[in-house]
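Novice: What follows is a protein structure lacking sequence information:
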């Protein structure tokens, strides 16, 4: 308890009394519970606002990514460069679109190409390697992957390519793989010429050791 002096209003007396701590706490809580409740409501409102802000930012970021992918898709379809633009179904990997550069370089008509899948055009990859490349795209961990392989024409000849692969999602939820294919035959030939030029010097250096 707490020892205090208490004056009586009706009588000329002052008493020395003991007030229990529980009574003091109850009186304090009676006076202070409203401010504490208000503070709790303000804190809860702040946390709720922060959570909504984070959710809104996530939604905005996702929408921004979809818009960026849509722009990439439109730019790819309108591309007038020598890059080959190919699109494939995500489930069957069947070709669904090819630009003029791809049709010309591969030697297929659009109808013929629609019966081919990505592994028909790039058999050197193999299903396991291709699946490993596509997995981070399917999980949303990466927006695009790049790889080099050999691409096969309709006449059976092949040529080296560098491929940029993306997963595009339309507003209706439909998904397609977009492949931007760059013929790197000239680059590979230049690398081979440099290797041949350096070969004699490397052999002389090896004999000197």
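Specialist: That came in fine, so what should we check first? The shown structure was predicted, so the numbers you read here are calculated from the model rather than taken from an experiment.

Novice: Contacts for the helix or strand containing residue 207, please.
Specialist: If you go by DSSP states H and E, residue 207 is part of helix 185-208. Helix 185-208 is contacted from outside by 159, 160, using Cβ atoms under 8 Å, 6 or more residues apart in numbering. For the C-beta atoms, the positions are set from N, CA and C on the backbone; glycine is no exception.

Novice: Next: stretch 88-105.
Specialist: 76-77, 79, 81-87, 106, 108-110, 113-119, 121, 138, 153, 159, 167, 175-177, 179, 181, 183.

Novice: ranges for the helices of this structure?
Specialist: 21-77, 100-106, 110-113, 118-121, 127-138, 185-208 (DSSP state H).

Novice: ok, of those helices, where does mean pLDDT dip lowest?
Specialist: Across the helices of the chain, helix 21-77 has the smallest mean pLDDT, namely a mean of 69.

Novice: related to what we said a few turns ago, which of the contacts of stretch 88-105 count as buried?
Specialist: By neighbour count, with 16 or more other Cβ atoms under 10 Å, the contacts of stretch 88-105 hold 76, 83-87, 106, 108, 113, 116, 118, 121, 167, 176-177, 179, 181, 183 as buried.

Novice: Out of those residues, list just those in strands.
Specialist: In strands, defined here by DSSP state E, the members of the buried ones among the contacts of stretch 88-105 are 84, 85, 86, 87, 167, 176, 177, 179, 181, 183.

Novice: with those in mind, which one is nearest to residue 34?
Specialist: Among these, residue 167 lies closest to residue 34 (Cβ to Cβ), at 55.4 Å.

Novice: Can you report how many residues neighbour the nearest residue to that closest one once chain neighbours are set aside?
Specialist: Using Cβ to Cβ, 6 or more residues apart in numbering and skipping residues adjacent in sequence, the residue nearest residue 167 is residue 137, 4.1 Å away. By other Cβ atoms under 10 Å, 19 other residues sit near residue 137.
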